[in-house]
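Chemist: mind looking at a prediction? Sequence and model below.
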Amino acid sequence: MVFGREDAGLTSEEVAACSHAASIRTSPDCPSLNLAQAVLTFLYELARPAAEATPAAPAERPPLGEMEQMFRQMEQVLERIALLNPARPGQGTYPLRRLIHRASPDREEVALLRSMWNQLAWSINDWRGRKRGQ
């Protein structure tokens, strides 16, 4: 477990190095905890039975249409870079679709993925591809 500094928490790079992240909701009147308080609160929550644990606020799920638009963008880019077999459309994307659905991205994460696919599509717009063996 990694805990951040009392004055600033963890940097984005430190959070990115972790496989999981959690935060402790605090009152606006007392927005930060000292390290001992944070460790105690976190360990207390871990020790509580799951039925007693405070549920996390549900993330806003993207509408299915947004997910499908993102998948279409993904497929266009993957077709453009010849990662997908045109004779078997969908076969190469089914595992990626399952992976993304399993991750249950929220609206913000889907927007990030859509931005990534848009940027990749723009970046390869004039790309002629590569020939085999190069």
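Modeler: Yes, it's here.
Chemist: domain boundaries for the chain, per the record?
Modeler: 1-57, 64-123 (automatic domain parsing).
Chemist: all strands for this structure, in order.
Modeler: Using DSSP state E, the chain contains no strands.
Chemist: the bottom helix or strand of it by mean pLDDT?
Modeler: helix 12-16 (a mean of 84; mean pLDDT, DSSP states H and E).
Chemist: got a list of contacts for it?
Modeler: The contact list for helix 12-16 (Cβ atoms under 8 Å, 6 or more residues apart in numbering) reads 2, 4, 21. (Each C-beta comes from the backbone N, C-alpha and C, glycine too.)
Chemist: so how far is that helix off the chain centroid?
Modeler: 14 Å (Cα atoms, centre = their mean, to the nearest Å).
Chemist: next one: stretch 93-108
Modeler: 9 Å.
Chemist: and it, what's buried?
Modeler: Within stretch 93-108, the residues scored as buried using 16 or more other Cβ atoms under 10 Å are 93, 100, 105.
Chemist: distance check, the closest residue to residue 21 other than its chain neighbours against residue 8.
Modeler: Spatial nearest neighbour of residue 21, chain neighbours left out: residue 15 (5.5 Å); criterion: Cβ to Cβ, 6 or more residues apart in numbering. Separation of residue 15 from residue 8 (Cβ to Cβ, to the nearest Å) stands at 12 Å.
Chemist: quick one: low-confidence ranges for this protein?
Modeler: Scanning the chain for pLDDT under 70 picks out 51-54, 89-90, 129-134.
Chemist: please enumerate the helices of it.
Modeler: 12-16, 35-47, 64-80, 93-103, 107-123 (DSSP state H).
Chemist: in a markdown table: the contacts of helix 12-16, plus distance to residue 84 and neighbour count.
Modeler: A markdown table is the format used below for these (distance: Cβ to Cβ, whole Å; neighbours: other Cβ atoms under 10 Å):
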| residue | distance to residue 84 | neighbour count |
| --- | --- | --- |
| 2 | 39 | 10 |
| 4 | 42 | 15 |
| 21 | 33 | 10 |
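Chemist: fine by me, we can end here.
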